[in-house]
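*Asks:* dropping a prediction and its sequence here:
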Amino acid sequence: MSNHALPHYKADARRRAALAKIHIGTKMLGMDDDTYRAMLMTLGGVKSSKDLTSEGINSVIRHLEKSGAVFKQSQKHGRKPNTLPSQSDRVPKLKKIEALLAEAGRPWGYAEAMAQHMYKKEKLEFCSHDELAGIIAGLVKNAKREGRRTS
């Protein structure tokens, strides 16, 4: 497996999520089965969404969005930052940030806002090891101020 390829279980989960997005979009638009199948054939050259390639999935999702389907990502907890195998030294820092956020009941967006404010980094993925340590220090300081656990 190459360094940039996802493990199959993550790729499978993303594929299932994308296929679910297609089905949600068709329901939003009130698309009947014949229209849905015609769209799949036109955009992906297949009769069933399970046979779509990743390019076909993206094409269908773009078409649904252009047709008026609005997909919202759940903002309840945000998204855990990606780490590449070459960034494995950052994993313990991200786990510590995750634990501090969970203890405080805050979403990942809170730590990303800290990265933006402190280091002008749009996402935690772009922060260096030292910058992540600074974010941890800020979260620990906040936890102590509010009387929460820090370890």
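*Replies:* Sure, I can see it.
*Asks:* tell me how far residue 37 lies from residue 127.
*Replies:* 46 Å (C-beta to C-beta, to the nearest Å). Backbone N, C-alpha and C define where each C-beta goes, glycine included.
*Asks:* which strands or helices does the longest helix along the chain pack on?
*Replies:* Ranked by residue count under DSSP state H, the longest helix found in the chain is helix 8-28. Identification of packing neighbours for helix 8-28 by 3 or more C-beta pairs under 8 Å, 6 or more residues apart in numbering; DSSP states H and E yields helix 54-66.
*Asks:* the helix or strand just after the helix it packs on: which residues count as buried?
*Replies:* Next helix or strand after helix 54-66 toward the C-terminus (DSSP states H and E): helix 91-104. When burial is assessed from 16 or more other C-beta atoms under 10 Å, helix 91-104 yields the following buried residues: 93, 94, 96, 97, 100, 101.
*Asks:* pick the one among these closest to residue 140.
*Replies:* Comparing the buried residues of helix 91-104 against residue 140 with C-beta to C-beta picks out residue 100 as the nearest, at 6.8 Å.
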